[in-house]
Structures are given as structure tokens and as C-alpha cells.
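>>> Provided below are the primary sequence and the corresponding predicted coordinates.
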Amino acid sequence: MNGSVELFWLAVAAALLTSFYMFRLFFLVFAGEARHRHDGDAHEAPMSMVGPMVVLGVLSVAAGYIQTPWFGSFLGEWLTDGTYHHEAAPGWIAVVATIVSLAGILLAWLMYGKRTVPRDWLSARAPHGYELLRRHYYIDDLYRWTVVALVSFISRLLAYVDRYLVEGLVRLVTGTVSAAASAGSRGQNGQAQTYGAVTVAGLAILVVIFALTGGTGYELLSLLVFSPLLGIVLLAFVRRTDAKTIQWLGTAATVPPLLLALFAFIQAGRGFRLEQLDEAYDWVRLADLPFFTDAAYVIRYELSIDGLSLLFIVLTAVLGTLAAVASLLVKVEKKGYFMWLLALEIGMLGVFAAANFIWFFLFLEVTLVAMFLLVGKWGGFDVGSPALAAWRVAVGVCLQAADCAASSLAHPRSRGSATAGRDASRRGIAENRGIRDDSLWDRLVSG
């Protein structure tokens, strides 16, 4: 009526296929010979079910003729309260639809009822069309290739992220916490030497951090003095029963200060000025405290070496490595032995590199505590007297440190004069000898 010919023929094809499909189903289910041993028990449905189906069937047949010239447009007018003004559909449309439906019923009866037409008749004559219908116009394939494939890919990706990323992060956090807890529990062994080693290591770590982040020099002396600290930290996480790992790790921790000391000694022999390695800057300012109003009371972090102290540093580094190699004879508490041996080396190197009384006595106390424990536990059969002697030396050093501190508080202006005089003498000697101003650190980095 409106020129939509394509829609008309599409509706005709739908009527043909619908009637064919429904009666194909009817003939396959209700016609032909019995195909099940219980088919004899089948019976007609009661009228409560048959009656409504008959009414629906009659109405479905008659509904196609409503809105035709034979019946008029009374249904539209009744539904719209008389405001329906559309023309009725031509009567031939209902006739064509009925004929096409009957043709579909006839074809279904010939193929599945009487079976005079073979079922593969259509597929043999139009294989491509049959394949198109059998594959449901390839809609299922297209859905599987696009939607299903995309959802499957996203699902696998999310499963991978959940399994390896999310769960991996959770396992990393729990494993880190578990490892830290296990390491901490091994450190809580009730032994005074372990607690002392951790205390010394913590103090040394703070000093190294401060030296490497706030200094103005090359910090080579700080690396030389505190490099055995890395071995102490690593040894804290090694099981005490793993003697082989403790031996190799403890010996290896004594090698960096030895190499740095030998390098500085060789470069000094070639004319390098050792004062370039000096490190000096404020560490603790007592002037910020309420009882100290004079800005002269400042504790400085000062490391410096000259030719004599360099010889003692090289000797200390060599003896530290030899002592670590000779520790193969140690059979008891090898882990504690190496931790205190490395602490002793830090203290001795610091004693020869310290440039003021405060740091000199700090390093000396570390040396005495480590020596006291080493002599007391691993010094042989009769170790009471040496340990007691070391303890008496420590007490004397403490009294001497108190005396020096009182002297510096009483004469604050004299603080640092020795260091300044030594620096002036170094500069004068260097200028007279014409020593070149090369950087030892640059040489070390550039090889």
C-alpha cells in the first residue's frame, strides 16, 4: 500500500517458513509410527486444555481477515473510540498469506508426513542457502568471534592480573612481613652481644646517612670507616648454624676497607694531598638547647687523615682481613664473633680517622666494647684477666673523655684549634712541594 515491496515479500517468506516449521514439528511428534515403547499410553488432553487451544486457533485464523474490505475497520474504530481513520488493508493480502501458509503446510506434510519428498531435497538443490540456514545466518559464529572472544580475552586478562599481580602483591607483602618477623625473632635471643651489635649497627647507619647526605667533601673516609657495617647488617639475617656462609660473608666484609685504604696509600705516594679527603660539618648544635646559649658549643662530624694515621689505617685494614681469614679456627658462636670483629674494625678505623675528641672517644668506646666481648668469649682458656683489663681501660677512657669534655666547655674558643693548625701546616707543605690538586675520589671513580 505504501510502496514497501521488500517488507511485503519478507512477510510472505516469514508466513511460509512459520507454517512449514510448525507443521514439521507436528508431523515429527504426532504423525507416523510409534518410536517409543510407551507410545501406547498416550491419550488426548482433557477439554480444559483442548477448548482454549481451539478458541485461540479460530481467532488466529480469523484475525488475518480483520481490517479487510470484507470486514471493514470496526476493530480499529472500537479500540480507538471512533477516531480510527486508516484505510482497511486490501483483501488480496490476506488471501496471499493464507495460500502461502497452506503451501508451507503442504510442503511439511510431503516431507515429514507422507515422506514423498526427501528431506535433503532443498539442501541438494541450494546447498549454500541450506548452509546459511543451518548456521543461523552465521549469527552464532559472529557472536562467538566477537563478543565471546572479547569477553574471554578480558576474562583471561583479569584472571592473570588477579593471579599474578594482585595475589603476587599480597604474597610479597605477607612474605616481607613474615621474613622481617622471622629475622626479628632470631635477633631476640637474649644474648647481650647481639643486642650490642644491633645498637652499634644502628648508630653507624645513622652516622653514614648523615655523612652521605649532609657532607661537603668526597665522603671517602666515611665509606672506608663504615664499610664493614654492611657485613654486620647482612650477618644479622644469616642463621647461626650456617657456618660456611658466615665465614665467607664476614671475610668479604673486611675487603672494602682494605681496598680503599690501599688505594689511598698508593695515591698518597704519588703526591695526592690527603686533606682533600677531610670531612667536617655540624652534627649536633648544643646552642639550640635551653642551657647552651653560646653558638660555639657545636659537636661536629670530622674525619681527617695524614701520613701517620694513613699508615695505621692500612695496618688496621690488613689485620682485619687476616683476622677474618684466621677465624676458621673459631668453632663457637661464629656469627657473633664476626659481627663484633667487624665492629672492632669500624672502631679502630674511626679512631685513626677522627679529627676531634668527641668522635675519637665514640670510636674508642666501640673499639673497647668489641675488644672486651671478643677477648671475654673467644680469647682462649684464661680470658678473665684480659677481659678485666680491657674493662679497666674502658673505665679510664670514659674518665678521660669526661675530663676533655669539661675542658672544652670551660674554654670553648679553643675548640678546633688543633685541627685548624694541622690544616694550615698541610697547606703550607703542599704549596712548598708543589703537589697537584687532583681529586682522589675522581681517580677512584674513573679507575
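Cool, got the structure. Numbers count the residues shown, from 1 in each chain.
>>> Tell me the secondary structure at the closest residue to Trp283 other than its chain neighbours.
The shortest distance from Trp283 to any non-neighbouring residue, by Cβ to Cβ, 6 or more residues apart in numbering, is to Tyr301 (4.2 Å). Where you see a C-beta, it was placed from the backbone N, CA and C, and this is true even at glycine. Of the three states, Tyr301 takes strand under DSSP: H, G, I helix; E, B strand; the rest coil.
>>> Report how many residues lie close to Tyr301.
21 (other Cβ atoms under 10 Å).
>>> so what's it bridging to?
In this entry, Tyr301 is beta-bridged to Tyr281, by DSSP bridges.
>>> Numbering from 22 from now on, please.
Taking 22 as the first residue, the last one we looked at is Tyr322.
>>> Surely it touches Val246?
No - when contacts are counted by Cβ atoms under 8 Å, Tyr322 is not listed as touching Val246 (11.3 Å).
>>> quick one: low-confidence parts of the stretch 172-321 of the chain?
Applying pLDDT under 70 to the stretch 172-321 of the chain picks out residues 207-239, 306-318.
>>> Helices of that one, start to end?
188-208, 213-235, 241-247, 249-256, 264-273, 276-290 (DSSP state H, counting those that start in this stretch).
>>> closest one to Asp299 among these?
Closest to Asp299 of these, according to Cβ to Cβ: helix 241-247, at 7.8 Å.
>>> if we can go back for a sec, please convert the helices of the stretch 172-321 of the chain to a markdown table, extending it with mean neighbour count and distance to Val387.
Output for the helices of the stretch 172-321 of the chain, formatted as a markdown table (neighbours: other Cβ atoms under 10 Å; distance: least, Cβ to Cβ, whole Å):
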| stretch | mean neighbour count | distance to Val387 |
| --- | --- | --- |
| helix 188-208 | 11 | 19 |
| helix 213-235 | 16 | 6 |
| helix 241-247 | 23 | 11 |
| helix 249-256 | 22 | 11 |
| helix 264-273 | 17 | 17 |
| helix 276-290 | 18 | 15 |
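>>> Ok, which of the ones you listed comes nearest Gly328?
Minimum separation from Gly328 across the helices of the stretch 172-321 of the chain (Cβ to Cβ) falls at helix 276-290, 6.9 Å.
>>> Identify the residues contacting the closest one?
If you take Cβ atoms under 8 Å, 6 or more residues apart in numbering as the criterion, helix 276-290 is touched by 241, 244-246, 248-249, 251, 295, 298, 326, 328, 331-332, 334-335, 337-339, 341-342, 366, 370, 461, 464-465.
>>> rerun at 10 Å
Contact with helix 276-290 is made by 241-242, 244-249, 251-252, 293-295, 298, 326-328, 331-343, 345, 363, 366-367, 370, 459, 461, 464-465, as judged by Cβ atoms under 10 Å, 6 or more residues apart in numbering.
>>> and those residues, which are buried?
Restricting those to buried positions leaves 241-242, 244-249, 251-252, 293-295, 298, 326, 331, 333-335, 337-338, 341-342, 345, 363, 366-367, 370, 461, 465, with burial counted as 16 or more other Cβ atoms under 10 Å.
>>> Please identify the nearest residue in space to Leu143, excluding sequence neighbours.
Tyr151 (6.0 Å).
>>> burial of the one you found, as a residue count?
Neighbour count of Tyr151, defined by other Cβ under 10 Å: 14.
>>> ok, now how distant is it from Leu171?
Between Tyr151 and Leu171 the computed distance is 30 Å (Cβ to Cβ, to the nearest Å).
>>> can I get the helices of the stretch 172-321 of the chain in TSV with distance to Leu349?
Below are the helices of the stretch 172-321 of the chain laid out as TSV (distance: least, Cβ to Cβ, whole Å):
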stretch	distance to Leu349
helix 188-208	24
helix 213-235	21
helix 241-247	26
helix 249-256	16
helix 264-273	7
helix 276-290	16
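>>> Please report how far Phe44 lies from Ser144.
19 Å.
>>> Which one's more surrounded, these two?
Taking neighbours as other Cβ under 10 Å, Phe44 and Ser144 compare with Phe44 leading, 21 against 15.
>>> Got the phi and psi for Ile52?
Rather than Ile, residue 52 is Ala. When read as degrees, to the nearest 10, the backbone of Ala52 gives phi -110, psi 170.
>>> scratch that, Arg261 is what I was asking about
Arg261 has phi and psi values of phi -70, psi -20 when expressed as degrees, to the nearest 10.
>>> Report the separation between it and Phe359.
Arg261 sits 11 Å away from Phe359 when distances are taken as Cβ to Cβ.
>>> same check, this time on Val353
Val353 is 12 Å from Phe359, by Cβ to Cβ.
>>> Compare neighbour counts for these two and give me the winner.
Phe359 (27 against 8).
>>> Chain neighbours aside, what residue packs nearest to the more buried one?
Gly271 (3.2 Å).
>>> isn't that neighbour right next to Lys355, touching?
Yes - using Cβ atoms under 10 Å, Gly271 is in contact with Lys355, at 7.9 Å.
>>> Pull up the overlap in contacts between these two.
Leu256, Val259, Ser348.
>>> residues contacting the second one?
Shown in contact with Val259 (Cβ under 10 Å, 6+ apart): Ala204, Arg207, Thr266, Ile267, Leu270, Gly271, Lys355, Lys356, Phe359.
>>> Can you give me the distance of it to Thr266?
Distance from Val259 to Thr266, by Cβ to Cβ: 5 Å.
>>> list residues touching both of those two?
Common contacts of Val259 and Thr266 (Cβ under 10 Å, 6+ apart): Lys355, Lys356.
>>> Against Thr262, how distant is Ile175?
Plainly put, Ile175 is 50 Å away from Thr262 if you go by Cβ to Cβ.
>>> ah, wrong one, I meant Val194
Distance of Val194 to Thr262, computed by Cβ to Cβ: 28 Å.
>>> next one: Leu171
56 Å.
>>> ok, now Asp162?
Counting by Cβ to Cβ, the gap from Asp162 to Thr262 is 65 Å.
>>> So between the two, which is more surrounded?
Asp162 (12 against 9).
>>> wait, isn't the more buried one in contact with Leu153?
No - counting by Cβ under 10 Å, Leu153 is not a contact partner of Asp162; they are 11.3 Å apart.
>>> ranges for the strands of the protein?
300-306, 319-324 (DSSP state E).
>>> Highest mean neighbour count out of the ones you listed?
Scoring these by mean neighbour count under mean count of other Cβ atoms under 10 Å gives strand 319-324 as the most buried, with a mean of 20.
>>> Could you name the helices and strands sitting against it?
helix 213-235, helix 241-247, strand 300-306, helix 355-374, helix 378-399 (3 or more Cβ pairs under 10 Å, 6 or more residues apart in numbering; DSSP states H and E).
>>> could you give the angle of it to helix 355-374?
Angle, strand 319-324 to helix 355-374, by axes from the mean of the first three to the mean of the last three Cα atoms, to 10 degrees: 100 degrees.
>>> mind checking how far Leu350 is from Leu298?
Plainly put, Leu350 is 36 Å away from Leu298 if you go by Cβ to Cβ.
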